[in-house]
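Enquirer: Please work out how this folds:
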Amino acid sequence: MNADVSKMRRWTKKEVWSSALLFLLNLLILLLIVAALLVGGNLGNLKQTLEANKANYIYIAFCLVLLAVITYFYFFFEDRNVLSEGKNIILLFMILDVSLVVCVLMGKWLNIYARPVALCALLTFLLLGRRSAMFMNIISALTLFIVDNFSSSAPSPQSIYSALMIAFTAGMVAIFAANRLRTRLRVVLVGILIALPMDFMIFLLEISSLAMQGTSVSQAGAARNIWMNLGYGFAGGISSAILFLLLLPVFECLFSVLTVFRLRELTSLDSPLLKKLKDEAPGTYNHSAVVSQLAEECAAALGEDAELARAAALYHDVGKLHHPEYFSENQGEYNLHDELTPELSADIIRSHTTDGHDLILANHLPQFFADVAIQHHGTLAIGYFYGKAQKMYGGEVNKEDFSYTGPKPQSKIAAIIMIADAAEAVTRSMASKKPEDVEVRVRGIIEERMNQEQFAECNITMEDLTIIRITLVNALTGVYHKRVEYPSIRYGKKEED
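Expert: Down below sits the predicted model:
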């Protein structure tokens, strides 16, 4: 279910209570982690430590509960989709827990400025989105500030408040800088961008401290201290990026989240299923490659996830691997369907959607890919064999026997791929590929699917369909543009002197 629908739908009491209880369970885990970090090396005198700091620990617990309640209500009113799936709640807290533990330990063992304070923001941005990342960056900075205030190894109060500002600023810079994160090199550059405001704030703090101390500190010692802290600040920015790269695959695997990095891995020819498709059904692979390009452009034009659309389109026809020779793009001059009844032919063609769904899941690929594979023909009739049966049986044919089983597209991306799939196949077979001729055929494809209510179960609008039509016409005329006919020229051997 997409986020917009989730926000609009009224939740049942069971859904509210189940999400609240899971939130509470994860909060308890966070409280235990914070307690362990605060007690630290005092485990031998645990009872005395708890007695001596009872009031502080109660205060900390109250603050963390308050932050958790605010977080729950933020997502309940602003992005209920995060709460609708239990794995998202666990993911949210796990990111916060890991970031907090790493920051506190690096602050204790190395330096307060060397902490990867942007780690929570980067992971949340890639795994849950920008809005969630901006909010969780605030929660992460405040949680770290609470722990710093009551830590036995806490630095000066000035450093604690400065660390709060550094953590907040570094996280926000990371979110804005990571907007077009696509390669590992960009991640490193983001780490440097994070380090710049951190170092600037550290420099101002150190200059301010020197001014307060007056002449009690030697210039050489002061300069050395400033450079050392600036180095720690730079390390904090870079370590945020490095730890992000190390931890992201773990979270992707544990929670089955599709990030841009994971999508690029799945769409490379190193993917076993795509490699098999290219080797055993080259016509289907080439068709899927063009459809993926078309889907990517349409998704980008609608503001949808273009990388996700491209990846799903590459896998939408993998079900044809079961009987590749029965699909026209993989055939030569001989058509195997000439030997079959229309019913049997329709069964073979129709099965590629369910076969694709099962094959994708069997290869442990994302559920979204499987959904698109089974939805991209909706409940449309298999026109060629439906018409053939009508001629053979005098028009007395049950249309459902020659139709796909569905379901209809449940998302905009599935609807885009449905249209792009048909538009590519039709345009490839056209004698004239002039823009006006392509436009007529694409418009006809969209209108036919609208008349059969294929878009009734997804949130696509008439404006979206217009944008898709224009984008497809421009893209298809570019892909299948007319080329000049090259003359046949024979070149003789070059005569030697």
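Enquirer: From now on I want contacts and neighbour counts done on CA atoms only, so please keep to that.
Expert: OK.
Enquirer: any idea how far the most centrally placed residue in the chain is from residue 331?
Expert: Note on the chain: the residue nearest the mean C-alpha position is residue 259, at 3.5 Å, using CA atoms, centre = their mean. For residue 259, the distance to residue 331 (CA to CA, to the nearest Å) stands at 36 Å.
Enquirer: same thing with residue 352?
Expert: 16 Å.
Enquirer: Repeat that for residue 444.
Expert: From residue 444 to residue 331 the distance is 27 Å (CA to CA).
Enquirer: What residues of the helix or strand where residue 427 lies count as buried?
Expert: Using DSSP states H and E, residue 427 maps to helix 412-429. Burial within helix 412-429, assessed by neighbour count using 16 or more other CA atoms under 10 Å, is assigned to 412-424, 427.
Enquirer: for stretch 398-411, same thing?
Expert: Along stretch 398-411, the positions that meet the burial threshold by neighbour count (16+ other CA under 10 Å) are 401, 402, 403, 404, 405, 406, 407, 408, 409, 410, 411.
Enquirer: so how far is it off the chain centroid?
Expert: Using CA atoms, centre = their mean, to the nearest Å, the mean C-alpha position of stretch 398-411 is found 29 Å from that of the whole chain.
Enquirer: who touches it?
Expert: The set of residues external to stretch 398-411 that reach it, using CA atoms under 8 Å, 6 or more residues apart in numbering, is 2, 343, 346-347, 350, 372, 374-383, 385-386, 415, 418, 454-460.
Enquirer: Restricted to buried residues, select those residues in ChimeraX.
Expert: The ChimeraX selection below is limited to those of those classed as buried (16+ other CA under 10 Å):
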select :346,350,372,374,375,376,377,378,379,380,381,382,385,386,415,418,454,455,458,460
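Enquirer: Can you flag which of the contacts of stretch 398-411 belong to helices?
Expert: 343, 346, 347, 350, 372, 374, 375, 383, 385, 386, 415, 418 (DSSP state H).
Enquirer: Identify all contacting residues around the helix holding residue 427.
Expert: Residues beyond helix 412-429 that count as contacts (CA under 8 Å, 6+ apart) turn out to be 287-288, 290-291, 294-295, 298-299, 304, 309, 313, 372, 375-377, 409, 433, 438, 441-442, 445-446, 455, 458-460, 468, 472, 476, 480.
Enquirer: and if you look at stretch 432-449?
Expert: The contact list for stretch 432-449 (CA under 8 Å, 6+ apart) reads 380, 419, 422-423, 426-427, 455, 465, 469-470, 472-474, 476-477, 480-482.
Enquirer: now do 6 Å
Expert: Outside stretch 432-449, the residues that touch it by CA atoms under 6 Å, 6 or more residues apart in numbering are 423, 473, 477.
Enquirer: Out of the residues you listed, which is nearest to residue 200?
Expert: Ranking those by separation from residue 200, with CA to CA as the measure, puts residue 473 on top at 50.7 Å.
Enquirer: Pull the contacting residues for that closest one.
Expert: By CA under 6 Å, 6+ apart, the contact set of residue 473 is residue 439.
Enquirer: Measure how whichever helix or strand it is part of sits relative to helix 412-429, angle-wise.
Expert: Residue 473 is part of helix 462-479 when elements are defined by DSSP H and E. Between helix 462-479 and helix 412-429, the angle formed by their directions is 40 degrees, by axes from the mean of the first three to the mean of the last three CA atoms, to 10 degrees.
Enquirer: Extract the CA atoms of helix 462-479 and return them as CSV.
Expert: The C-alpha coordinates for helix 462-479 follow below in CSV (Å, rounded to 0.1, in the frame of the first residue of the first chain):
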residue,chain,number,x,y,z
MET,A,462,-6.0,11.6,-16.2
GLU,A,463,-3.2,14.1,-16.0
ASP,A,464,-0.8,11.3,-15.2
LEU,A,465,-2.0,9.3,-18.3
THR,A,466,-1.6,12.4,-20.5
ILE,A,467,2.0,12.8,-19.3
ILE,A,468,2.7,9.1,-19.9
ARG,A,469,1.3,9.3,-23.4
ILE,A,470,3.5,12.3,-24.3
THR,A,471,6.6,10.8,-22.7
LEU,A,472,6.1,7.5,-24.5
VAL,A,473,5.6,9.1,-27.9
ASN,A,474,8.7,11.2,-27.6
ALA,A,475,10.7,8.2,-26.3
LEU,A,476,9.5,5.7,-28.8
THR,A,477,10.1,7.9,-31.8
GLY,A,478,13.6,8.4,-30.5
VAL,A,479,14.2,4.7,-30.1
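Enquirer: tell me the mean pLDDT for it?
Expert: Helix 462-479 carries an average pLDDT of 94.
Enquirer: Buried residues, that helix. List them.
Expert: For helix 462-479, a neighbour-count test (16+ other CA under 10 Å) marks 464, 465, 468, 469, 471, 472, 473, 475, 476, 477, 479 as buried.
Enquirer: cool, and stretch 132-151?
Expert: When burial is assessed from 16+ other CA under 10 Å, stretch 132-151 yields the following buried residues: 132-149, 151.
Enquirer: what do you get for stretch 189-201?
Expert: Of all the residues in stretch 189-201, those buried under the rule 16+ other CA under 10 Å are 189, 190, 191, 192, 193, 194, 195, 196, 197, 198, 199, 201.
Enquirer: just stretch 236-256 next, same as before
Expert: Under the neighbour-count rule (16+ other CA under 10 Å), stretch 236-256 has 236-245, 248-249, 251-252, 256 buried.
Enquirer: Of the residues you listed, just say which sits nearest to residue 170.
Expert: Among the buried residues of stretch 236-256, and counting by CA to CA, the member closest to residue 170 is residue 237, at 7.8 Å.
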